[in-house]
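> Sequence isn't available, so here's the structure alone:
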């Protein structure tokens, strides 16, 4: 939707035009795609944020080779937080977006609820045939009320439990994945193990990384979180949310966490190598993250087992979508179908750790093991988690609510706020933001 | 310094010559009168296009509910009502003030001292002057990234140094005052040299005669500084105070990157400034209407601050 | 602290040197740390105590950074953008600053207040209407979209005005008028030479500010035609941003400013000194 024209804009354009005559306008071309005949050579512009891995795996080059006449112009912004506002600004002005844009799962609910007119319904394109190959909950999230499919899923983030077997061993806890899974099959059992760890752990090492991370892991196993099926906000009354919050706040206030804010605290990054936390709920894409942050010194110290709670859970994953303003919809649809096909998804998993979101892709990786993680059968662990994950009901303000909850939990563990006060503060903040 | 531009006067007056001279002097007069407007016109024209228009459009947006990606709907002053009943706004206001004072006052004092030191005749003068501007050469992102590492609770250099002298490690990120001090130190590090250079330029334009006269009167170095340098620097100091006040009220890059890209400003919002609050509302939560309201409130606030500043300065000048 | 040679000129003593050296150390330490962080593997930076010396990976991280983003193009673009903005700003702001400082004309006070007032607009919100404007002009994604909004800066006008109020004696202007100089001639022969040290300072500060500008360029440009800050924002790659690569890229992005400053800084800084020594 365009900004409604205001009289100021016309006046400004006139003045700007005069200014343009006086000023020097240097610059090379913009990003609008060259007008081309559908049958002739095509340049497809692809704009993504940091986590897709297509460039690193050489998939773009391969597609160009397989499809002579197609050139792919790729650009990526590392941070999704910077990528999204830039994309929205371009969509709002009706120009400047690319043929293929990446959409993160935290944004997809906003897209299908509020932006149906800005994106192409993929059922009308060559990508329509691919929709059936997905895990049902993955594609449902990208489907509007009217059944239009706005994005093809690229990857998912089924969750498991990653742990430092050396640290657990030092504290007298089981280090074998099967035994550990049996002893930590519920969240309460997991926290009981945490108390044992706290009593006999090496100094400076906590059971888990953060209360916010714990909360996220628990709540991601639920179907109904902040919204219900009709789209109404239920975060205030949903017992699942309160229970997850209380469990995490309890862990935070009794010193079971390392008080590290995930992703934004450099201490969290450091913790993978230095052992400031012994366990962490890890989605499949975190496998590569741990390897990078812990480095060679960490090889063999980490292991993977099933997540407590007995249900699958999902955190993360993205989609590829085609803005409605693209002049090359069919070609773009063919590209994204190929990029998200099972074979390519399987390759991405081995190269960069993004877990496939198609059933075919999952089948191809189910036998993978990882030597860094003591040869843990990560393919099997994550496939099971993926199949068991609930069909989460997503809503446009999920991201905001998650941040509010995480912030409140951080105040419990790091600033000594009582869990009850933190919950009230979270409720108030949520109401202020979302109403 | 004299200019030799005078044209030789004609020996005998003649009517056509007189008319020509009259026309030329009319032209000169016109040029002299229009020159000021011509000189300031480019600034105002460019501002009208690229500064005024977004400002007015922002005011227009602030009266709407506008979520990035969807359509605008007119809601009148509701955004402002939301803002003034929101405790997060007052928290941000207070934080902006405290971080502003913590970062601006030491910075300007240090800059003054630094400029005075650099005003000496010495060896390696260029090296020192270059070194002092280096922090400003880094981008906000680069500087804050490095400082976030330095202030890290577990693996940071600063906590390690504190440990060497026997002080417990400080949780810089999560503490209230600790976080504000850390962020203020980033700002001080980045901007002291900048202001020192401005003071230095100002100092260099103070006539040496004044110093000679003071020396002849028996003033020592400190007295000369107080009675010659400081008064001569008054317009410059006022300038830096105004600019620093405006800058301090808009601080948002340092707390944003110190928080790792999260715009909440800490679990308790302990270092969320108004600028960061605006960024959070507009770009992270996507409520551009509310962000526009915050922007306008900030703007009016700064205007009031600067007017007060200017009035105080004028009162002091009149008294002096 | 300072000894005074005859005639009141300040000469630096040992304590002055010590204070300056300490300050220089504090100012330069984070750069050194940047080099350390850029040259070691990510995992090593997580140790406590952190490493204090550079490691072996500097050039390979730089190579990775250059590979991930087109930093060469970004450097050229940034040079163009910052260069044009600097030239334009210095020239236009000196003219405007001179007008406000020394020329008498109707509306001078309110217009100057308005100019200073424009500094108070928080930059981060105007981007949405500004982007639409750029699209309307057909400039989105080109360097012009980043240059145009910054061609003049209220800061520059304010700065040059303060500088000229102080540094430009009225007698010189009166002498020029008596000699019959036109306004333009006065500017060329009287104002500009005196303003030069101030212009140099303004130029340097403007160049650095333009080089480091981040928020608007990230919205207006993309990584096919980036400035340095846009390219750096896109560094890292994958779910696991390699902080070593990011630091290395940041180092590369900062280096040109430092080099320009080192090369020209001596002359600029020297100009400031020269401007002060009156015959």
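Great, that's in hand. Since the model is a prediction, treat every value here as computed from it, not as a measurement.

> quick one: least confident helix or strand in chain C?
strand C:2-4 (a mean of 50; mean pLDDT, DSSP states H and E).

> Quick one: name whatever helix or strand follows that one.
Moving toward the C-terminus from strand C:2-4, the next helix or strand (DSSP states H and E) is strand C:10-12.

> is whichever helix or strand comes after that following strand up against chain A anywhere?
Sequence order places helix C:14-39 as the next helix or strand after strand C:10-12, per DSSP H and E. No: contact of helix C:14-39 with chain A (C-beta under 8 Å from any C-beta of the partner chain) is absent, the minimum separation being 10.6 Å. The C-beta positions use only the backbone N, C-alpha and C, and glycine is treated the same way.

> Next, see if helix C:14-39 gets close to chain B.
Yes: with C-beta under 8 Å from any C-beta as the measure, helix C:14-39 is seen reaching chain B through C:16-17, C:19-20, C:23-24, C:26-28, C:30-31, C:33-34, C:37.

> Adding neighbour count, pLDDT and distance to residue B:293, write those residues out as JSON lines.
Formatted as JSON lines, the entries for these read as follows, by neighbours: other C-beta atoms under 10 Å in any protein chain shown; pLDDT from 0 to 100; distance: C-beta to C-beta, whole Å:
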{"residue": "C:16", "neighbour count": "20", "pLDDT": "84", "distance to residue B:293": "50"}
{"residue": "C:17", "neighbour count": "16", "pLDDT": "87", "distance to residue B:293": "52"}
{"residue": "C:19", "neighbour count": "15", "pLDDT": "88", "distance to residue B:293": "47"}
{"residue": "C:20", "neighbour count": "23", "pLDDT": "88", "distance to residue B:293": "47"}
{"residue": "C:23", "neighbour count": "21", "pLDDT": "89", "distance to residue B:293": "42"}
{"residue": "C:24", "neighbour count": "19", "pLDDT": "90", "distance to residue B:293": "44"}
{"residue": "C:26", "neighbour count": "15", "pLDDT": "88", "distance to residue B:293": "40"}
{"residue": "C:27", "neighbour count": "21", "pLDDT": "90", "distance to residue B:293": "39"}
{"residue": "C:28", "neighbour count": "14", "pLDDT": "88", "distance to residue B:293": "42"}
{"residue": "C:30", "neighbour count": "24", "pLDDT": "86", "distance to residue B:293": "37"}
{"residue": "C:31", "neighbour count": "20", "pLDDT": "85", "distance to residue B:293": "40"}
{"residue": "C:33", "neighbour count": "21", "pLDDT": "85", "distance to residue B:293": "40"}
{"residue": "C:34", "neighbour count": "21", "pLDDT": "86", "distance to residue B:293": "39"}
{"residue": "C:37", "neighbour count": "27", "pLDDT": "85", "distance to residue B:293": "40"}
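
> Looking at the residues you listed, which is nearest chain A?
Proximity of the residues of helix C:14-39 next to chain B to chain A (C-beta to the nearest C-beta) peaks at residue C:37, which lies at 10.6 Å.

> How about the contacts made by the closest one?
Going by C-beta atoms under 8 Å, 6 or more residues apart in numbering or on different chains, residue C:37 touches B:146, B:149, C:45, C:243-244, C:247.

> Pull the distance from stretch B:205-212 to the chain's centre.
Average the C-alpha atoms of stretch B:205-212, do the same for its chain, and the two points are 28 Å apart (C-alpha atoms, centre = their mean, to the nearest Å).

> tell me the average confidence for it?
When pLDDT is averaged over stretch B:205-212, the result is 81.

> which residues are in contact with the helix or strand encompassing residue A:268?
Using DSSP H and E, residue A:268 sits in helix A:266-274. The list of residues contacting helix A:266-274 from outside it, by C-beta under 8 Å, 6+ apart, reads A:209-210, A:258, A:260-262, A:276-277, A:289-290, A:293-295, A:297-298, B:148-149, B:152-156, B:173, B:260, C:42-43, C:45-48, C:243.

> so does the following helix or strand past that helix get close to chain B?
Following helix A:266-274 in sequence order, the next helix or strand is strand A:277-283 (DSSP H and E). No: with C-beta under 8 Å from any C-beta as the threshold, strand A:277-283 lies outside contact range of chain B, at a closest distance of 10.8 Å.

> So which elements touch strand A:277-283?
strand A:152-164, helix A:165-170, strand A:206-208, helix A:211-219, strand A:314-321 (3 or more C-beta pairs under 8 Å, 6 or more residues apart in numbering or on different chains; DSSP states H and E).

> how distant is that strand from the center of its chain?
Relative to where its chain is centred, strand A:277-283 has its mean C-alpha point 16 Å off (C-alpha atoms, centre = their mean).
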